[in-house]
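Q: fold the following, please.
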Amino acid sequence: MAEVVGPLLIKGSIGGISVYWNSRLKKWIARQKGGANKNLIQNSPAFVRTRENNVEFIACNKFCHRLRLALLELDHLNYGYCMGGVVQMVKNIQLMDQNTLKGHRSIEPSKYKSFLTEIVFNEEHPFKQVLLRRPEVTSDDNRQSVMVNLPQFYPRGELIWRKPYSFFRLTLTVAQVSDYVWVDLQRGYEMTYPDLDTKSVTVYSDWMAPGVETIDLSLTASFDDQSIPPTGSTVMVAVGIEFATKLANNTVSWTKGDGTMALIDCL
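A: Predicted coordinates:
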């Protein structure tokens, strides 16, 4: 892989070289094409391990897509190549399955919930470096209602942001996610509980000015009676923090990137 620094820019491929724009690095990158062809990978005994890895990697990507859908209301608070970190953490969960043959290993967040809370969704502004206190999380026995509390919260001291701001608000999303397991009959991966990623609830605090007084912050999100989390599922508790500069026509002026988010707990 090489960086293109000369005056001649190529978009696409020429010969065995492909050139693409890296939006994160703000550079044109050139790389050499090559490797085994598709037919060889799919049929050669020498690529058995490669095929097993591909099946599991595709499963990880599909699971991550569902996770992102479940947290879609907070997606604008992500930054950088965060999905690469999500895939890696999901792969770590998959590697914990030591009872299934490689190529069919399950993704079971219900057994390793703490793994998900280690994901960094915002590389530039990690959540723990913006909100200095860990919010309290409580729920009922059915995990139907989830409450996030910040008692005696002092924004001026406990919120660290890179530029001046006049307002902030918190967002709470609770979302359900299912384990993803290999099913021999289907010859593929299936969700233990299909379509759980559509069962998410998001609530917002008011926009608040950081004053000199402490405040008691509390947000509660509840699933309806038809969406009570089933046994064996995982309830993700995600919190976002947004910052804004001014009020305009009873709305707040803010832009993508003015905030951060994290999974603070999994129930």
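Q: please count neighbours and contacts with C-alpha atoms only from this point.
A: Fine.
Q: so what's the residue lying closest to L132 once chain neighbours are set aside up against?
A: Closest residue to L132 apart from its sequence neighbours, by C-alpha to C-alpha, 6 or more residues apart in numbering: E158 at 5.2 Å. By C-alpha atoms under 8 Å, 6 or more residues apart in numbering, E158 lies in contact with 130-133.
Q: report the buried members of those residues.
A: With burial judged by 16 or more other C-alpha atoms under 10 Å, the buried subset of the contacts of E158 is 130-131.
Q: so which of the contacts of E158 belong to helices?
A: Among these, DSSP state H puts V130 in helices.
Q: wait, V237 sits on Q176?
A: No. Contact between V237 and Q176 fails when scored by C-alpha atoms under 8 Å: they sit 9.1 Å apart.
Q: can you show me the helices along the stretch 1-150 of the chain?
A: 38-43, 48-70, 82-95, 113-116, 127-130 (DSSP state H, counting those that start in this stretch).
Q: closest one to A221 among the ones you listed?
A: Proximity to A221 (C-alpha to C-alpha) singles out helix 48-70 among the helices of the stretch 1-150 of the chain, at 14.3 Å.
Q: residues in contact with the closest one?
A: Defining contact as C-alpha under 8 Å, 6+ apart, one finds that helix 48-70 is touched by 41-42, 75, 83, 86-87, 90-91, 102-105, 107, 175-177, 180, 189, 197-200.
Q: ditto for stretch 234-244
A: Outside stretch 234-244, the residues touching it (C-alpha under 8 Å, 6+ apart) are 71, 74, 77, 109-110, 113, 143, 146, 165-178, 229, 252-255, 258-267.
Q: quick one: which of those sit in helices?
A: K113.
Q: pretty sure I215 is touching R156, no?
A: No. Judged on C-alpha under 8 Å, I215 makes no contact with R156 at a distance of 11.2 Å.
Q: for K113, which non-adjacent residue is closest in space?
A: Nearest non-adjacent residue to K113 (C-alpha to C-alpha, 6+ apart): C266, at 5.6 Å.
Q: that neighbour pairs with what?
A: When assigned by DSSP bridges, C266 has beta-bridge partners M236.
Q: which ones are touching it?
A: 113-114, 116-117, 234-237.
Q: from I119, how far out is it?
A: 12 Å (C-alpha to C-alpha, to the nearest Å).
Q: wait, what's in contact with R133?
A: E158.
Q: quick check on it: phi, psi?
A: Backbone torsions of R133, given as degrees, to the nearest 10, read phi -110, psi 140.
Q: ok, now how distant is it from R187?
A: Taking C-alpha to C-alpha, one finds R133 at 46 Å from R187.
Q: now swap in T138 and tell me
A: Counting by C-alpha to C-alpha, the gap from T138 to R187 is 39 Å.
Q: ok, now T255?
A: 45 Å.
Q: hang on, the earlier thing: mind checking which of T138 and R187 has more residues around it?
A: T138 (15 against 9; other C-alpha atoms under 10 Å).
Q: what's the nearest residue to that one if we skip its chain neighbours?
A: T138 sits nearest to M147 (C-alpha to C-alpha, 6+ apart), 5.3 Å away.
Q: ok, what's across the strand from the one you found?
A: T138, T220.
Q: neighbours around it, how many?
A: Counted with other C-alpha under 10 Å, M147 comes out at 18.
Q: what's V174 in contact with, if anything?
A: Counting by C-alpha under 8 Å, 6+ apart, V174 has contacts 146, 200-202, 221-222, 235-238.
Q: could you dump those residues to TSV with neighbour count, pLDDT and distance to P126?
A: Output for the contacts of V174, formatted as TSV (neighbours: other C-alpha atoms under 10 Å; pLDDT from 0 to 100; distance: C-alpha to C-alpha, whole Å):
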residue	neighbour count	pLDDT	distance to P126
V146	22	98	23
S200	22	94	23
V201	18	97	23
T202	20	97	21
A221	21	98	24
S222	19	98	27
V235	25	97	22
M236	24	97	18
V237	23	98	17
A238	21	98	14
